[in-house]
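Undergrad: how does the following fold in three dimensions:
(chains A and B)
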Amino acid sequence: MENFAMLFAGFQTVLDPVNIGACMLGAILGLVVGAMPGIGSLAGVALLLPLTYKFNPTTAIIMLGALYYSNMYGGSFSAILLNIPGDTPAITTALDGYPMAKKGRPGQALVAANLSSFIGGTIGILILTITASGLAQVGLMFGYAEMTVVLLIAMTSISWLIGENPIKGIVITMLGILVASIGMDTLSGVPRYDFGNIYLLGGITFTPFVIGCVGFAQVIKLVNERKADEEKRHSEEQKVKLSIRGSLLKGHDFRRILPPILRSGVLGTFVGVLPGSGATTGSMVGYAMQKKFKSEEPMGTGAIEGIAASEAGNNAAAAGAFAPLLALGIPGSGTGAVLLGGLMMWGLNPGPLLFDTNPEFCWSLISSLYLANVFTLLVAILIIPVLINILSVPVKYMIPIITCVCIVGAYSTSYSMYGVVIMFISGIIGYLLEKNGFPTAPMLLAFVLAPMLEENMRKAFIASQGKLGIFVNSPLKLVLLAIFLVLVLTPVVKSILRKVKGSNTKAAV
Amino acid sequence: MEKKKLNTRALIPVVTAIVAIVFIAVGMIDFGFWDAGPTPGFFPIIIAVVLLLASIASFIQVARDKDGKDVQYNRAELMVILGAAGIIIGSMVIGLILSCLVYLVLWLKLVEHAPWKHVIIIEAILAAIIIGVFVVWLQVQFPMGLFELFM
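TA: Sure, this is the predicted structure:
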């Protein structure tokens, strides 16, 4: 009950006209950018990050939360209408959304996706409201050594889960940590790795780095999609006219989508809480579970249950990911890492103490998610008649526009061409890495978490006078260490087993 | 589009290994590792050692993978990079906003062969975003290049 009282207090802050305006603006912009095919939530949030600089910290964070949250809605639009998922969590939405649109029900598919996102998200935010402060209480039991291992688990799990190659995951994670260690040492104040460059004394600025790594790198990749985009645009299927009235769901449709929404909503939230999983896993797990239940039409052929399961899972996971982010300071995904960086930029350090030191901020953010959820649903439904026009901006025109926004955005966050240069270089590096199979999301996560990891690790060693035993001298530490080792060793064991199996098959032949 | 072959699959681990070696060397020489407690070099050196080992493992993986396809790059990707570089250089001469707007016209006409109607509409939208959002709302003062001399 105490949580709901705090939530109510949070609503009192959020329901200020400026905060409502910021939340609505975040919802609209996040939705539109998320709907653009090929941009995705990670790049979307990164590109819109400079806009939050205008506000005071609370308003900025409310807008940031709305941006992040509404981005999750937007990905399904192009998945349903163009068969181009706006983001990876929308891949499973396209499996049934596009066939349903082809069956002549694009409007209903969109409304089903929006409603599922809304209800799934609401379930996620409700569970977040109940559990977040409890999770923070658990976090308070963590000392330097425990936090070190928890941070290692967070970094390892995302680099292990994204991509198929754990070695590349380690390379990219370590690179992110090293980039973050450039500049002033937070514990001693000693400048390090500046290589005599005055600009590097302040370190690599977060926002230009993120805009480059995901925004500009995405534009360079996007250039290859121009031809496919043109071809898709010329196909007959897209010449659809949508209206709100023609898109409304019937009672029967609603009865079909409700059970998968509730199942995926609960499951997705718990998936989102796990470090490294995030919205993509949420939508995939939700969709996979729906396959085990009966659907009126076969899954993959335009079953409305498939859209509901995928979208509810995706948005619930996005909400669930806030629990470890706020309570432990551990983001569950690349987008979460950008959000965490944004929070830190405003001087807030998410972690177990945040609920004690800044309760008004925590509860304002959580209550703003409820508000953002409602706004986004409203905007998502109202936007339906003009959605085709938004989605019809050709990729070839988006390339120079986003390039300019990246440059202008990078400048505006640093008030210096140094920020633009950082954006440019990190964009090229991000593009080269992605092109060669090194995912950049773990690098962002490592970049954001590195200062915290270093601080905790060094303090643990100072406290123990250099003894490694500090990491194994309690049952809690042993459990955490066991989880870390399982995460590290599982892919290695899997790879050995695959090789053994392969050589046995060859010998049998 | 003409495609060029360039094997960066092996080059990336080599570069990351060099980065790791630089961080280890600079860390050891300038900041040390341990002095009655962890020094500023302690953490980056540990991370750089792990990076070095992982880079070597990644290089071996690429060398052993004879069936792996080389990564392909094309001219259009380079054009995007050159375009952004052009804006950065141009900002020193004609300022950042004007550079962006000139780049937009050049890209749309020369690369995309867009009709003038589209160019004007997109140019107006971008100008509205930059001036409306960044200059008026966020009150960012963008570099004016050589024009600053006359102001």
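
Undergrad: can you give me the pLDDT of A:Gly120?
TA: On pLDDT, A:Gly120 comes in at 93.

Undergrad: surely it is in contact with A:Ala312?
TA: Yes - contact criterion Cβ atoms under 8 Å: A:Gly120 and A:Ala312 qualify, at 2.8 Å. Where C-beta positions appear, they are placed from N, C-alpha and C, glycine not excepted.

Undergrad: quickly list what's touching both of those two.
TA: Common contact partners of A:Gly120 and A:Ala312 (Cβ atoms under 8 Å, 6 or more residues apart in numbering or on different chains): A:261, A:264-265, A:268, A:286.

Undergrad: and the furthest pair within these?
TA: Based on Cβ to Cβ, the longest span within the shared contacts of A:Gly120 and A:Ala312 runs between A:Ile261 and A:Gly268 and measures 9.9 Å.

Undergrad: so for these two, which residues contact both of them?
TA: A:120, A:312.

Undergrad: those two: which has the busier surroundings?
TA: Between A:Ile261 and A:Gly268, counted using other Cβ atoms under 10 Å in any protein chain shown, A:Gly268 has the larger neighbour count: 38 against 29.

Undergrad: which parts of chain B are helices?
TA: B:8-26, B:42-64, B:75-94, B:96-106, B:116-127 (DSSP state H).

Undergrad: helices or strands up against the one helix or strand A:Ala309 maps to?
TA: Assigned by DSSP states H and E, A:Ala309 belongs to helix A:304-320. Where contact means 3 or more Cβ pairs under 8 Å, 6 or more residues apart in numbering or on different chains; DSSP states H and E, helix A:304-320 is packed against helix A:57-82, helix A:91-102, helix A:106-140, helix A:251-273, helix A:278-291.

Undergrad: what's the pLDDT at residue 9?
TA: Went with chain A since none was named. pLDDT, read off for A:Ala9, is 87.

Undergrad: you looked at the wrong chain, it should be chain B
TA: With respect to pLDDT, B:Arg9 has a value of 84.

Undergrad: for it, give its distance to chain A.
TA: 6 Å (Cβ to the nearest Cβ, to the nearest Å).

Undergrad: got a list of what the most centrally placed residue in chain B touches?
TA: Chain B has B:Ile81 as the residue nearest its centroid, 7.9 Å off, counting by Cα atoms, centre = their mean. If you count contacts by Cβ under 8 Å, 6+ apart, B:Ile81 has them with A:220, A:428.

Undergrad: one more: A:Ile80?
TA: With the criterion set at Cβ under 8 Å, 6+ apart, A:Ile80 makes contact with A:93-94, A:97-98, A:100-101, A:106, A:109-110, A:113, A:307.

Undergrad: distance of it relative to A:Ser116?
TA: Plainly put, A:Ile80 is 12 Å away from A:Ser116 if you go by Cβ to Cβ, to the nearest Å.

Undergrad: joint contacts of those two?
TA: A:Ile307.

Undergrad: outline the domain layout of chain B.
TA: Chain B breaks down by automatic domain parsing into domains covering B:3-70, B:74-150.

Undergrad: sorry, back to before: ranking the contacts of A:Ile80 by neighbours, who comes first?
TA: Going by other Cβ under 10 Å, A:Ile307 tops the contacts of A:Ile80 with 35 neighbours.

Undergrad: quick check, nearest of the shared contacts of A:Gly120 and A:Ala312 to chain B?
TA: A:Gly268 (32.6 Å; Cβ to the nearest Cβ).

Undergrad: thought that closest one was touching A:Thr122?
TA: No - counting by Cβ under 8 Å, A:Gly268 does not reach A:Thr122; the two are 11.8 Å apart.

Undergrad: point out the most buried one among the helices and strands packed on helix A:304-320.
TA: helix A:57-82 (a mean of 28; mean count of other Cβ atoms under 10 Å in any protein chain shown).

Undergrad: just want the angle from that helix to helix A:91-102.
TA: Computed by axes from the mean of the first three to the mean of the last three Cα atoms, to 10 degrees, the angle separating helix A:57-82 from helix A:91-102 equals 50 degrees.

Undergrad: so where is the chain shaky, pLDDT-wise?
TA: This is for chain A. A:1, A:37-40, A:157-164, A:232-240, A:275-277, A:332, A:506-509 (pLDDT under 70).

Undergrad: look at chain B instead
TA: B:1-6, B:151.

Undergrad: how far is stretch A:195-205 from where the chain is centred?
TA: Distance, stretch centre to chain centre, for stretch A:195-205: 29 Å (Cα atoms, centre = their mean, to the nearest Å).

Undergrad: again with stretch A:136-156
TA: 21 Å.

Undergrad: just after the helix holding A:Ala309, pick out the following helix or strand.
TA: Scanning onward from helix A:304-320 (DSSP H and E), the first element met is helix A:322-327.
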